[in-house]
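Student: Any chance you could fold what I've pasted below:
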Amino acid sequence: MSGLIDYEVVPLNKRGLDEETCKKWRYGVGMYQGRPVQVANYCDPTGTPVAQKLRFRDKSFIWLGEPKKAGLYGAHLWRDSGKMVTITEGEIDALSLSQCFSLRWPVVSIPNGAKSAAKTIAMNLDWLETFETVVLCFDQDQQGRSAALEAAQQLSPGKVKIVTSLPEKDANECLKTGRVKELVDAVYGAKAYRPDGVIPGEEVWDLIVNAKKKTSIQYPWSGLNEKLFGMRGGELVTLTAGTGIGKSSVARELACYLLNEGEKVGYIALEESVQKTAEHLMGIHMNRPPHLWGDSVSEEEKYNAFKATAGSGKLVLYDHWGSIDPANLLNRVRYMARAMECSFIFLDHLSIVVSALESGDERRMIDSTMTKLRSLVEETGVHLVLVSHLRRPDGRSHEEGGSTSLAQLRGSHAIAQLSDAVIGCERNQQDESVSRLMTLRVLKNRYAGRTGVACTLEYDEDNGRLVEWVSPDVVEIPQDVD
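Tutor: From the prediction side, this is the model:
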């Protein structure tokens, strides 16, 4: 790659590192603007260098190349999956421990020190989760210990072990002082990170105070706010309806509204491409749906709409084609929440996640997926909007304006049980006089308990928008008649 400097591999005697170790890790020495530097080469999964971290004699650092592509240092050296991988706090420590392991066992390093550990691990979850055990061997100072505890929370429960008994302050000091056996024993004897979750009652006050500080974003429709009192972090809200009623339209309207409010949004639409999702959001912003663009919408108007939505830096999409495996999908949701710092995530829809599996009990698969989604929401504090289908009712169909109910959620009672709120969308597609009207019915409301019809939305075919209906003539779309 252009922009990288030449380097020479030599043993680092002062660090106790031999030439074989430095060669394997592509760690060498060179000159940068007339100054001697140590060079750590960061490579992509194929082993191609994408960035260099230069270390000067005064211990300062600079990056060359494309540091945004720099993942865990040394990850390309090891195969995916295995019994154990150890993560150190710096490149020299990674080389030191690797040398102590005779260059045989996976060791990697975070690229930017202890403060970046949690975010770096979150961004590399896919690879790390393939190992049975992840050992954190950070510096033994307070900063290193705190970083290890925060980093451990990014990975699956029971997977992480933390080294707490190094004989020296870090791995390289152990190597230099000849305490290799003690270092190796400390890594293999690392203690499992298992938070016990026991909280003294007097400490609950802090939780109460912090809970009050949670941001609540109002819905764009007053009727929903009267029932649900807005959208809060750490909540799972299920949006449900029959086929073709407009669940996805409601989800997109909410997503575009949140983008306009300055919130960072993750959007996973499993029945359409990322291009279609972006175009729909652009259409909402322009008050002109994509199917009506034709020659009436200029490239400049499209670009401005793009910059306000998909290109705003506030939207993260998932290109899912070829893989909708539930485990991978959950990792993507966690990545959006942790690494990309999305406050709101939309998953449209649950049924297609389960249908991607060729065999198995649908109810159990939905139970498992919902439980993991619920845990993920609690873990990350994200607000998750989940779209789910309904099973066909015995009486009037949903496509003919039939009422929604929790009992009709398709596949598993876990959807209703684990959601903080469930919103049913109701519309009579067959009656032209009311087919443009959609009733939003709150079926569950854990936060405030208020349920029932919240509001009616009207779809404007000219601008493609859903707006709250305020006509005094009709209060609600006709529902089932006994």
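
Student: Need phi/psi at Ser312.
Tutor: Phi and psi for Ser312, reported as degrees, to the nearest 10, are phi -80, psi -10.

Student: Please give me every residue in contact with it.
Tutor: Leu259 (Cβ atoms under 8 Å, 6 or more residues apart in numbering). Just so you know, the C-beta spots here come from the backbone N, C-alpha and C atoms, and that holds for glycine as well.

Student: Find the least confident helix or strand in this protein, judged by mean pLDDT.
Tutor: Every helix and strand of the chain was ranked by mean pLDDT, DSSP states H and E. The lowest is helix 350-355, at a mean of 70.

Student: quick one: buried residues of the next helix or strand after it?
Tutor: On the C-terminal side of helix 350-355, the nearest following helix or strand under DSSP states H and E is helix 362-380. Judged by neighbour count using 16 or more other Cβ atoms under 10 Å, the buried positions of helix 362-380 are Met365, Ile366, Asp367, Ser368, Thr369, Met370, Lys372, Leu373, Arg374, Leu376, Val377, Thr380.

Student: Switch those over to a markdown table; also include pLDDT and distance to Thr46.
Tutor: What follows is the buried residues of helix 362-380, written out as a markdown table (pLDDT from 0 to 100; distance: Cβ to Cβ, whole Å):
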| residue | pLDDT | distance to Thr46 |
| --- | --- | --- |
| Met365 | 81 | 35 |
| Ile366 | 83 | 38 |
| Asp367 | 86 | 40 |
| Ser368 | 84 | 35 |
| Thr369 | 86 | 33 |
| Met370 | 90 | 38 |
| Lys372 | 89 | 32 |
| Leu373 | 92 | 34 |
| Arg374 | 94 | 38 |
| Leu376 | 93 | 31 |
| Val377 | 94 | 36 |
| Thr380 | 92 | 31 |
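
Student: out of those residues, what pair is the most spread apart?
Tutor: Maximum pairwise distance among those (Cβ to Cβ): 22.3 Å, between Met365 and Thr380.

Student: What is the burial count for Pro326?
Tutor: Residues near Pro326, counting by other Cβ atoms under 10 Å, number 18.

Student: Actually, Arg57.
Tutor: Count around Arg57 with other Cβ under 10 Å applied: 9.

Student: So for it, what's the nearest residue that isn't a sequence neighbour?
Tutor: What sits nearest to Arg57 in space, not counting adjacent residues and going by Cβ to Cβ, 6 or more residues apart in numbering, is Pro36, at 6.8 Å.

Student: For that neighbour, identify the helix or strand it belongs to.
Tutor: Assigned by DSSP H and E, Pro36 falls in strand 35-43.

Student: Mind giving me the packing neighbours of that strand?
Tutor: strand 27-32, strand 49-55 (3 or more Cβ pairs under 8 Å, 6 or more residues apart in numbering; DSSP states H and E).

Student: For it, buried residues please.
Tutor: Val37, Gln38, Val39, Ala40, Asn41, Tyr42, Cys43.

Student: Need the pLDDT of the third one.
Tutor: Per-residue confidence (pLDDT) for Val39: 97.

Student: Surely it touches Val29?
Tutor: Yes. Using Cβ atoms under 8 Å, Val39 is in contact with Val29, at 6.7 Å.

Student: what sits in contact with each of these two?
Tutor: Tyr7.

Student: what about this structure, any weak spots by pLDDT?
Tutor: Across the chain, the ranges flagged by pLDDT under 70 are 1, 196-199, 211-214, 321-324, 353-360, 471-482.

Student: Tell me the secondary structure at Ile345.
Tutor: Here Ile345 is recorded as strand under DSSP: H, G, I helix; E, B strand; the rest coil.

Student: OK, contacts around it?
Tutor: Taking Cβ under 8 Å, 6+ apart as the test, what Ile345 contacts is Val265, Gly266, Tyr267, Ile268, Val333, Met336, Ala337, Val382, His383, Leu384, Val385.

Student: pretty sure the fifth one contacts Ile268?
Tutor: Same thing as Val333. Yes. Val333 is within contact range of Ile268, at 7.2 Å (criterion: Cβ under 8 Å).

Student: got any residues that touch both of those two?
Tutor: What both Val333 and Ile268 touch, as defined by Cβ under 8 Å, 6+ apart, is the set Ile345, Leu347.

Student: how about the nearest residue to Phe138, chain neighbours excluded?
Tutor: Gly144 is the one closest to Phe138 (Cβ to Cβ, 6+ apart), at 3.8 Å.

Student: The one you found falls within a strand, correct?
Tutor: No. Under three-state DSSP, Gly144 sits outside any strand and is assigned helix.

Student: Quick check: it vs Asp170, distance?
Tutor: 8 Å (Cβ to Cβ, to the nearest Å).

Student: what is in contact with these two at once?
Tutor: What both Gly144 and Asp170 touch, as defined by Cβ under 8 Å, 6+ apart, is the set Glu89.

Student: just checking, Ala94 touches Pro111?
Tutor: No. Judged on Cβ under 8 Å, Ala94 makes no contact with Pro111 at a distance of 10.6 Å.

Student: Looking at these two, which one has more neighbours?
Tutor: Neighbours per residue, other Cβ under 10 Å: of Ala94 and Pro111, the larger number sits with Ala94, 28 against 21.

Student: Confirm the more buried one sits in a strand?
Tutor: No. Applying three-state DSSP, one finds Ala94 to be helix, outside a strand.

Student: separation between the residue nearest to it when sequence neighbours are not counted and Val39?
Tutor: Excluding the flanking residues, the one nearest Ala94 by Cβ to Cβ, 6+ apart is Ser109, at 3.8 Å. Applying Cβ to Cβ, the value for Ser109 to Val39 is 15 Å.
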